[in-house]
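Asker: Give me a model of this one.
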Amino acid sequence: MVLAILAALALSGSSVPEPVATADLHFLSGRWIQEGPDGWTEESWSDPRGGVMLGTALSGKAEQATSFEFMRIADGRSGPVFWGSPGGKAAVAFPLAGYAPNTVRFENPAHDYPTQILYRREGRFLTATTTGPGGSNPQSWRYRRR
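Answerer: Numbers count the residues shown, from 1 in each chain. Next up, the predicted model:
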């Protein structure tokens, strides 16, 4: 399914239509959770305001947190830019690479992993997918609204 989503965005020209702003990404807003036998991951996004959305992610097993990330999406010259800071490291920019209603893709081909970050909202579910160069090593999280 992940590759089908990526292929659909690629076939749609991977281009960004008329100007897209962070406000268009309101579908990400809210608290999201994925739970399973291997652990849990939570992701939260603020409502867009002033050209910025703030996000956090926290993963763990049982009652023990194992990783975290600070994120933001902010309007840039060519559209929204995703900034990821896993584990408190320096933030890395991923400019907007594709947009459709309820779907957004950010890319940074110069980064080691991920090179692409994709979000897709379907009803009360949000899927986040990261991939490496050429779509390699896909990892997905299917969140439900918390």
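Asker: In the protein, where is pLDDT below threshold?
Answerer: 1-17 (pLDDT under 70).
Asker: can you map out the helices along it?
Answerer: Applying DSSP state H to the chain gives helices spanning 2-11.
Asker: In it, where's the longest strand?
Answerer: Determined from DSSP state E, the single longest strand within the chain is strand 64-76.
Asker: which strands and helices sit next to that strand?
Answerer: strand 52-61, strand 79-86 (3 or more CB pairs under 8 Å, 6 or more residues apart in numbering; DSSP states H and E). Using the backbone N, CA and C atoms, a C-beta is placed for each residue, glycine as well.
Asker: Could you dump the ones you listed into JSON lines and include mean neighbour count?
Answerer: Formatted as JSON lines, the helices and strands packed on strand 64-76 follow (neighbours: other CB atoms under 10 Å):
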{"stretch": "strand 52-61", "mean neighbour count": "16"}
{"stretch": "strand 79-86", "mean neighbour count": "20"}
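Asker: Distance to residue 112 added to these, as CSV?
Answerer: CSV is the format used below for these (distance: least, CB to CB, whole Å):
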stretch, distance to residue 112
strand 52-61, 19
strand 79-86, 12
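Asker: follow-up on the earlier one: can you give me the angle the longest strand of the chain makes with strand 79-86?
Answerer: Interaxial angle of strand 64-76 relative to strand 79-86 (axes from the mean of the first three to the mean of the last three CA atoms, to 10 degrees): 160 degrees.
Asker: Give the partner strands of strand 64-76 in its sheet and their orientations.
Answerer: strand 52-61 (antiparallel), strand 79-86 (antiparallel) (DSSP bridges).
Asker: List the buried residues for it?
Answerer: 69, 70, 71, 72, 73, 74, 75, 76 (16 or more other CB atoms under 10 Å).
Asker: What of stretch 111-119?
Answerer: Those would be 111, 114, 115, 116, 117, 118, 119, for stretch 111-119 by 16+ other CB under 10 Å.
Asker: Just the CA atoms of that stretch, as CSV, please.
Answerer: Taking Å, rounded to 0.1, in the frame of the first residue of the first chain, the C-alpha atoms of stretch 111-119 are listed here in CSV:
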residue,chain,number,x,y,z
HIS,A,111,19.7,13.3,3.6
ASP,A,112,20.8,9.7,4.4
TYR,A,113,17.5,8.4,5.8
PRO,A,114,14.8,9.3,5.4
THR,A,115,14.9,11.1,2.1
GLN,A,116,11.1,11.2,1.8
ILE,A,117,8.3,11.7,4.4
LEU,A,118,4.7,11.1,3.4
TYR,A,119,1.5,11.8,5.3
